[in-house]
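Asks: Quick one, structure for this:
(2 chains)
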Amino acid sequence: MTLADHLTILPIAIPALAAPACVLVMRRRRRLGMAISALSCLLMLAAALALLARAMDGTITAYALGDWPAPFGIVLVADRLAAIMLVLTATLGLIALAHAIITRADRKGWHFHALFQFQLMGLNGAFLTGDLFNLFVFFEVLLIASYGLMLHGQGPARLKAGVQYVVVNLVGSALFLIALGLLYALTGTLNMADMGARVAAIAPADQGLLRIAALLLVSVFALKAALAPLHLWLVRTYAVATPAVAALFAIMTKVGVYALIRVVPQVFGESAGAAAFVPAPWLWPAALVSAVIGFAGVFVARALAEQAAFAVIGSTGTLLIAVSGWQVASLGAGLFYLVHSTLAAAALFLVADVAARRRGAFADSAAPGPAFADRAGVGLAFLLAGIGVAGLPPLSGFLGKLMILKAAAAQPQWGWAWGVILGTTLIAVIGFARVGSAVFWKTAPVAEGPPAPASRADLITPALALALLGALAAGAGWASALAEDAARQVLDPAASARAVLGRGAP
Amino acid sequence: MTYEFLVASAIGVLVAGGIYLALRARTFQVVLGLTLISHAVNLFLFASGRLVLARPPILAKGVNHYTDPLPQALVLTAIVITFGMTALVVILALRSFLETGSDHVDGAIVPCDGQDGMAESAGEGEAP
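Replies: This next block holds a predicted model:
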């Protein structure tokens, strides 16, 4: 076996090795710890790009851990969708890590880098695994790391929000386990591909249990994705988290969406008989409501970070409007929008931090304060991030929303999708204009002047995220074709079952 | 029949008590509720491999009836994770109580009954 055969495990192995190394060297040599963390992110990006290059032609790589054959052993599955998500995670991780190092946010506690690496390990594992119980385990890994990262820097507001965040996610984990237990009792397997093949043969008497299991599983993923009405935990958590961490958390809700995209077609797909696409009638209205709630929150937010958190809810809603069609065109448009909205939300969190660092006591509140340093530059970055999140040209959000609208037009009840997406875009534009003019335009006379101008280095990371959005818009033809290919692959569970189980699956 | 009924009703009672406690306003009761729920989930996972009495979980010669070993491995993983999480949430609730002076989950500043003036002094500076 050569290294190329083990490429699939690298995105999990690299951070798993880097995290303990960070813990060991951090106390004595802080710079070495940072270097290990940054190097690990770069290696992860390289491994993810190599995986994407391999998956590009439609190859599905199944990696049997310990060489135990599926469905008895645990498999990692790298297809187009998994590779896209890995590249996105590594890119976002690199940007968030650079921001934490530049703003020295990582110095507020000893274990920032170790937790950051474990977070990336959990994310990568969740994207790669082909086994439902391992999905649970990697969810726990990323959640446990996120508890630590969310509390990084501490303070009463973070602790208070942290208790709620942990309690909500513990209940979510309990529901996940109940759903897993039901599915195992019904099918006798935990391998997703194998389960998809066995679900069709379930006795009519057990169909009720199967539906309950499917809906429980979907509600857990909806909780992670912050889909209405399970979105209430998100705003408070993300608004008080350290901004570099919040930028990384922009992908956490997408993990829930990813799990939906992965599990629903594979296990509850067309071949599932009576349980085929059980969650579809529930997801569609919930997605519409989330888009409305999220962008209405953008409209009324009282602080920049709170606005960015609401934008995450709104963009997840928009994304799920596309996903819940379960067609190749709509899912492809959704995947393109997923990449875009993750980067756009991260850029918004970073810009909010850059502004807050220059405004002294006003921090990121959406009220006029004293004129601060680099106002024009930060304002421009906020304008671009707002354009990205709202979905206006020239950034990629415009193309993403356009593709979603086009795909939705082919479906029944498309009027609702069009009305909600176009209406929420307008509301978001007005919301960003209101907050932007208060923060970057108006000036309120205050007793003490603005704090001394900080170094401009912290503008690099939001600029980088915005440049990636621009690049995504410029390469939209290539990216949307890739997204559509990935969607086609996801909606063809038989091909993936053949690759995983190594035999002619039904 | 009676064995299944016993296990099923035990899980049901644990879940009901857990949900009741998890919906309470104070962190300690919520933690207890979460513990009850995770107990119930562990029992449930264990039962998902069917309830079989006095059978070996490993392959052996001359044995035809087995109990399913996989749920036992799953329960072990779940127990480890929930144990760690319970410890974390207890510490977190304690820190949150000491820093904000309130043990209410929703962040409301409610003075704790008979506390030594802590709620008045420590509750300031908290975002509503």
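
Asks: CA atoms for contacts and neighbours, from now on please.
Replies: Noted.

Asks: Name the residues of the stretch 51-200 of chain A found near chain B, please.
Replies: Residues of the stretch 51-200 of chain A lying close to chain B (Cα under 8 Å from any Cα of the partner chain) are A:140, A:144, A:155-157, A:159-164, A:166-167, A:170-171, A:174, A:177-178, A:181-182, A:184-185.

Asks: Give the burial count for A:Arg28, as a bare number.
Replies: Residues within reach of A:Arg28, counting by other Cα atoms under 10 Å in any protein chain shown, total 9.

Asks: hang on, isn't A:Ala18 packed against A:Met34?
Replies: No - in this structure, A:Ala18 is not within contact of A:Met34 by Cα atoms under 8 Å, at 10.4 Å.

Asks: Now, the residues of the stretch 51-200 of chain A next to chain B that are in strands?
Replies: Residues of those located in strands (DSSP state E): none.

Asks: Generate a PyMOL selection restricted to the buried subset of those.
Replies: For the buried members of these, the matching PyMOL selection, counting by 16 or more other Cα atoms under 10 Å in any protein chain shown, is:
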select buried, chain A and resi 140+144+156+157+159+160+161+162+163+164+166+167+170+171+174+177+178+181+182+184+185
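
Asks: check contacts around the residue nearest the centre of chain A.
Replies: Centrality entry for chain A: nearest residue to the mean C-alpha point is A:Ile251, 2.2 Å, by Cα atoms, centre = their mean. Shown in contact with A:Ile251 (Cα atoms under 8 Å, 6 or more residues apart in numbering or on different chains): A:Thr89, A:Thr342.

Asks: Same check on the one 3 residues further on?
Replies: Under the criterion of Cα under 8 Å, 6+ apart, the neighbours of A:Lys254 are A:Ala225, A:Thr316, A:Leu338, A:Thr342.

Asks: buried set for stretch A:208-217?
Replies: Buried residues in stretch A:208-217 (16+ other Cα under 10 Å): A:Leu209, A:Leu210, A:Arg211, A:Ile212, A:Ala213, A:Ala214, A:Leu215, A:Leu216, A:Leu217.

Asks: Could you pull up the residues touching the last one?
Replies: Shown here is A:Leu217, whose contacts under the criterion Cα under 8 Å, 6+ apart are A:Leu175, A:Phe176, A:Ala179, A:Leu180.

Asks: Quote the end-to-end distance of stretch B:56-67.
Replies: Distance across stretch B:56-67, first residue to last, is 6 Å (Cα to Cα, to the nearest Å).

Asks: for stretch A:187-202, same thing?
Replies: OK, stretch A:187-202 end separation, Cα to Cα: 8 Å.

Asks: Give the buried residues for it.
Replies: So, applying 16+ other Cα under 10 Å, buried residues of stretch A:187-202: A:187-200, A:202.

Asks: Single out whichever of the residues you listed has the smallest pLDDT.
Replies: Taken together, the buried residues of stretch A:187-202 show their lowest pLDDT at A:Ala200, with 82.

Asks: so what's that one up against?
Replies: By Cα under 8 Å, 6+ apart, the neighbours of A:Ala200 are A:Ser271, A:Ala272, A:Gly273.

Asks: Looking at chain B, which helix is longest?
Replies: helix B:70-100 (DSSP state H).

Asks: So which bits of that helix are buried?
Replies: For helix B:70-100, by 16+ other Cα under 10 Å, it's B:70-72, B:74-75, B:78-79, B:81-82, B:85-86, B:88-90, B:92-100.

Asks: Now do that helix: which elements does it pack against?
Replies: helix A:156-187, helix B:27-47, helix B:118-122 (3 or more Cα pairs under 8 Å, 6 or more residues apart in numbering or on different chains; DSSP states H and E).

Asks: Using TSV, lay out the ones you listed together with distance to A:Asn134.
Replies: Shown next, in TSV, are the helices and strands packed on helix B:70-100 (distance: least, Cα to Cα, whole Å):
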stretch	distance to A:Asn134
helix A:156-187	11
helix B:27-47	15
helix B:118-122	43
